[in-house]
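[1] Need coordinates for the following:
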Amino acid sequence: MTKKTLALLLTAATLLAGCGSTGASSPGGGAPKAGGTLVLGENGQEPPCLDPHGNASSDGPVATVPVADSLVWFDADGTIEPWLADSWNVSDDGLTYTFKLRHGVKFHDGAVWNAEALKLNFEHMKDPATKSPLAAAYIAPYEDSKVVDEYTLEVRLSSPYKPFLDILSQGYLGMISPKQIKEAPQTICEHPIGSGPFIFDKWTKGQSITYHRNPDYNWGPKGAKHTGPAYLDKLEIRFLAEDATRYNALASGEVDAIDFTPPQNVEDVKANPELGFLSAIRPGHPMSFWLNTSRPPFDDVKVRQALLAAVDRESIIKGVSFGQYDVAQGFVTSSTPGYAAALEGSIAYDPAKAGGLLDEAGWTGRDKDGIRTKDGKRLVAYFPIAANFPAQRMQIAVQTQAAARKIGLDIQLQTPPEQELTDRSNKGDYDMSSGLWATNTADVLWIQYSSENITTDKRRGQNVARLRDAQLDDLLERARQGENPAKLYNQAQARLLELAPAIPFYDDPRPVAYQKKVRDLTFTPAYPSPYFYDTWLEQ
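    Residues are numbered from 1 along each chain as shown. Okay, the predicted model is just below:
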């Protein structure tokens, strides 16, 4: 076990302990009390849609999990526990899952949770009209399902899919009312109806989302600390894009908690006796700059490897995060089950090596500005970014641009109009792109790098690097089918280090700061996102 891995385990243990003790007590707060409104200051990455199945925003679950329960619960130790499914059975060939469902569950519109409801949710995820950017990819092997009886559903897969249960625990696959799916699917994005502990009230775009307690709720997950309705009367998620605004709102008491605590304020929060702090590294793919491998200049692996070697990631991330973030060691984060710890240190800053790789790739000429040339063409990469590109990522982009220029690569940052940016993204009209992907399995590599997930006219995929590699495809397909996945995911991570389809910068943390009156605030283990079912306010 590496020191970094040990530190992560200790951090996780501290996090769980700091979220409040088990049973009826809470650290320093006595017995939980019902009542009050909790206001969470969220960052400016407002989800475009509140349909869990139509949402791919990394910050989406914080807004949908209060409303939509999941089929199963992913516990902190990785165990899959019952939730809306009481039990399940998997056939020997891994192609059939039989779910026995919980009785007595009702959606906010009165619809009953049963096998037909689950079947409709799977169909909604797969329906092209849902335009699911994520849920459909997560359940790609889903073929069909059969209602055995009112509370039993038999699900058939086209191929074995080892991460299936893990994926079903995520907020992106939360359950929506079958009545809404059948009668008004077009309303789900704006007004989701689920079975969760909170009922959706109103979404004032650009400002806030509000909810109130579901008084009939009595089917929390096995990992919850209590049964019955949530303690909070109301919940408000308030969008505060500016870091300073969000932190000042917490410090002044305007909000009760803030998500994505600005890294420059973390030490102040920890030193303040009136505030508490939680943080967890999100499993999945680290925050990275993807390189479009389908066109010049990054269709040449040596050019990709050169840029990866030219960027001093350690120095950049230490600076922009005020020492709060861990530099990514590969293509999955260190908190992801299946993380290849043995490969730590494989990405080294070596500008001399970078220059040599560009020489080998034939970029040996120089123009008057010092930019490399080959066959009369300049070595240029276009990096279109959104107008609301996070300031921290912009700092990383500017410093990456400077590092690239030192080896003769001209990265041109562009800010096209929003629709043009979307169109270019769908068409693959870019050389670089930015993002991360949070999920609780190493199957994130299939999502991000399988050639099946390249966006086409018929399907939106998440292979932003547009990578096609038969060896990698084979490793990832066999891993998700359950053929020694630990070994195969390790080999896939090693292969990606050779292919260099991205520059991985940091393992994305989920730092939450809160007023000390906020008790039992915790994260959903499947996807570190604030979870409010057990949360209460000390009066």
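[2] Pretty sure Glu81 sits in a helix.
    No: counting by DSSP: H, G, I helix; E, B strand; the rest coil, Glu81 falls outside a helix, being strand.
[3] quick one: low-confidence parts of the stretch 1-150 of the chain?
    By pLDDT under 70, the low-scoring segments of the stretch 1-150 of the chain are 1-29.
[4] please redo it, this time with the cut-off set to 50
    Residue ranges of the stretch 1-150 of the chain with pLDDT under 50: 1-28.
[5] can you map out the helices along it?
    3-18, 61-64, 115-126, 135-138 (DSSP state H, counting those that start in this stretch).
[6] Just the C-alpha atoms of the last one, please, in PDB.
    Looking back up the chat, that one is helix 135-138. C-alpha atoms of helix 135-138 as PDB (Å, rounded to 0.1, in the frame of the first residue of the first chain):
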ATOM      1  CA  ALA A 135     -27.600   6.900 -18.000                       C
ATOM      2  CA  ALA A 136     -28.100   5.200 -21.400                       C
ATOM      3  CA  ALA A 137     -24.300   4.700 -21.600                       C
ATOM      4  CA  TYR A 138     -24.200   3.300 -18.100                       C
END
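[7] can you list the residues that contact that helix?
    Residues from elsewhere that reach helix 135-138 (CB atoms under 8 Å, 6 or more residues apart in numbering): 52-54, 125-126, 130, 167, 170, 172-173, 439, 447, 453, 461-462. For glycine as for every other residue, the C-beta is placed from the backbone atoms N, C-alpha and C.
[8] Look up phi and psi at the residue of the chain most remote from its centre.
    Outermost residue of the chain with respect to the C-alpha centroid, by CA atoms, centre = their mean, is Lys368; its distance is 43.4 Å. Per-residue torsions, Lys368: phi -70, psi -20 (degrees, to the nearest 10).
[9] what's the answer for Ile139, then?
    Residue torsions, per degrees, to the nearest 10, at Ile139 are phi -110, psi 30.
[10] Against Arg378, how distant is the residue farthest from the centre of the chain?
    Here the criterion is CB to CB, to the nearest Å. By it, Lys368 lies 11 Å from Arg378.
[11] again with Pro128
    The gap separating Pro128 from Arg378 is 41 Å, by CB to CB.
[12] Repeat that for Ala306.
    15 Å.
[13] phi, psi of the nearest residue to Asn218 once chain neighbours are set aside?
    Once flanking residues are discounted, Asn218 sits nearest to Gly228: 5.5 Å by CB to CB, 6 or more residues apart in numbering. Phi and psi for Gly228, reported as degrees, to the nearest 10, are phi 90, psi -170.
[14] Cross-check the contact I'm expecting between Gly228 and Trp219.
    No: Gly228 is not in contact with Trp219 according to CB atoms under 8 Å; the separation is 9.7 Å.
[15] out of those two, which sits in the more crowded spot?
    Using other CB atoms under 10 Å as the criterion, Gly228 and Trp219 rank with Trp219 on top: 20 against 14.
[16] how many other residues sit next to the residue nearest to the more buried one when sequence neighbours are not counted?
    In space, Trp219 comes closest to Val105 once its chain neighbours are excluded; the distance is 5.0 Å by CB to CB, 6+ apart. Val105 has 21 neighbours, counted by other CB under 10 Å.
[17] low-confidence ranges in this structure?
    In the chain (pLDDT under 50), the answer is 1-28.
[18] which residues does the residue positioned nearest the centre of it bridge with?
    Computing the C-alpha centroid of the chain and ranking residues by CA atoms, centre = their mean puts Ala438 first, at 2.4 Å. Beta-bridge pairing for Ala438 (DSSP bridges): Gly284.
[19] got the residue ranges for the strands in the stretch 101-250 of the chain?
    For the stretch 101-250 of the chain, the strands defined by DSSP state E, counting those that start in this stretch occupy 142-149, 152-157, 198-204, 208-213, 234-239.
[20] Pop out the phi and psi values for Lys458.
    Torsion angles, degrees, to the nearest 10, at Lys458: phi -100, psi -20.
[21] Distance check, it against Pro128.
    Per CB to CB, Lys458 is found 8 Å from Pro128.
[22] The two: which is more packed in?
    For Lys458 versus Pro128, the count of surrounding residues by other CB under 10 Å is larger for Pro128: 9 against 6.
[23] What residue, apart from its backbone neighbours, is nearest Ala486 spatially?
    Gly338 (6.1 Å).
[24] Hmm, Lys487 and that neighbour touching each other?
    No: assessed by CB under 8 Å, Gly338 is found out of contact with Lys487, at 9.9 Å.
[25] more neighbours, the two?
    Gly338 (21 against 13).
[26] can you tell me which residues contact that one?
    332, 441-442, 485-486, 489-490.
[27] Figure out which of the strands of the stretch 101-250 of the chain is closest to Ala184.
    strand 198-204 (13.8 Å; CB to CB).
[28] and the angle from the closest one to strand 208-213?
    160 degrees (axes from the mean of the first three to the mean of the last three CA atoms, to 10 degrees).
[29] helices or strands up against strand 198-204?
    If contacts are counted by 3 or more CB pairs under 8 Å, 6 or more residues apart in numbering; DSSP states H and E, strand 198-204 sits against strand 208-213.
[30] In stretch 311-330, which residues are buried?
    Going by neighbour count (16 or more other CB atoms under 10 Å), the buried part of stretch 311-330 is 311-313, 316-317, 320-321, 324-330.
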